[in-house]
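Novice: Quick one: sequence plus predicted model below, questions after.
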Amino acid sequence: MAGSGALGHFALNADDLDAARRFYGAVFGWQFTAWGPAGFFKITTAEGKLPGPIGALQQRRALLPDAPTNGVGPLVFFADPSGNVVGAMQYG
């Protein structure tokens, strides 16, 4: 289990994966490796390390039609300059 203030997991959802890879690569120096299902990339830092247990960039999709996604702790969302919504959650 992640310690206090440690990043446990994050996933960025994007409509344009190439644009998102260019943006996050330029801003944070992240590298992306195709992993798992189509449209899913594992993120590593410029130093080749994982930013937390796992960071992912994935093709935007609807998880459940007409159903809100419920969190299990404090949750915040913000939009990057391309309009991609990024969420972060602290587990309760």
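Specialist: In hand now; what should we look at? Numbers count the residues shown, from 1 in each chain.
Novice: can you tell me which residues contact the most centrally placed residue in the chain?
Specialist: Residue closest to the mean C-alpha point of the chain, counted by Cα atoms, centre = their mean, is A11 at 2.3 Å. Shown in contact with A11 (Cβ atoms under 8 Å, 6 or more residues apart in numbering): G55, A56, L57, Q58. For every residue, glycine as well, the C-beta is placed using N, CA and C.
Novice: could I get these as CSV with neighbour count, distance to W35 and pLDDT?
Specialist: Shown next, in CSV, are these (neighbours: other Cβ atoms under 10 Å; distance: Cβ to Cβ, whole Å; pLDDT from 0 to 100):
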residue, neighbour count, distance to W35, pLDDT
G55, 21, 11, 84
A56, 16, 8, 85
L57, 21, 10, 89
Q58, 18, 10, 87
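Novice: Distance of the residue nearest to the centre of the chain relative to A38?
Specialist: Computed with Cβ to Cβ, to the nearest Å, the distance linking A11 and A38 is 15 Å.
Novice: Could you do A46 as well?
Specialist: 26 Å.
Novice: So those two - more neighbours on which side?
Specialist: A46 (10 against 7; other Cβ atoms under 10 Å).
Novice: Quick check: chain neighbours aside, which residue is closest to that one?
Specialist: Sequence neighbours aside, G29 is the residue nearest to A46 in space, at 3.3 Å (criterion: Cβ to Cβ, 6 or more residues apart in numbering).
Novice: The one you found touches T45, doesn't it?
Specialist: Yes - with contacts counted by Cβ atoms under 8 Å, G29 reaches T45, the gap being 6.6 Å.
Novice: Show me where this structure has its strands.
Specialist: 9-14, 31-34, 40-44, 54-59, 75-79, 85-89 (DSSP state E).
Novice: hmm, what's the outermost residue in the protein?
Specialist: The chain, Cα atoms, centre = their mean, max distance from centroid: D66 (22.2 Å).
Novice: so what's H9 bridging to?
Specialist: I54 (DSSP bridges).
Novice: Adding distance to Y24, write the strands of the chain out as a markdown table.
Specialist: Putting these into a markdown table (distance: least, Cβ to Cβ, whole Å) gives the following:
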| stretch | distance to Y24 |
| --- | --- |
| strand 9-14 | 7 |
| strand 31-34 | 8 |
| strand 40-44 | 8 |
| strand 54-59 | 7 |
| strand 75-79 | 14 |
| strand 85-89 | 10 |
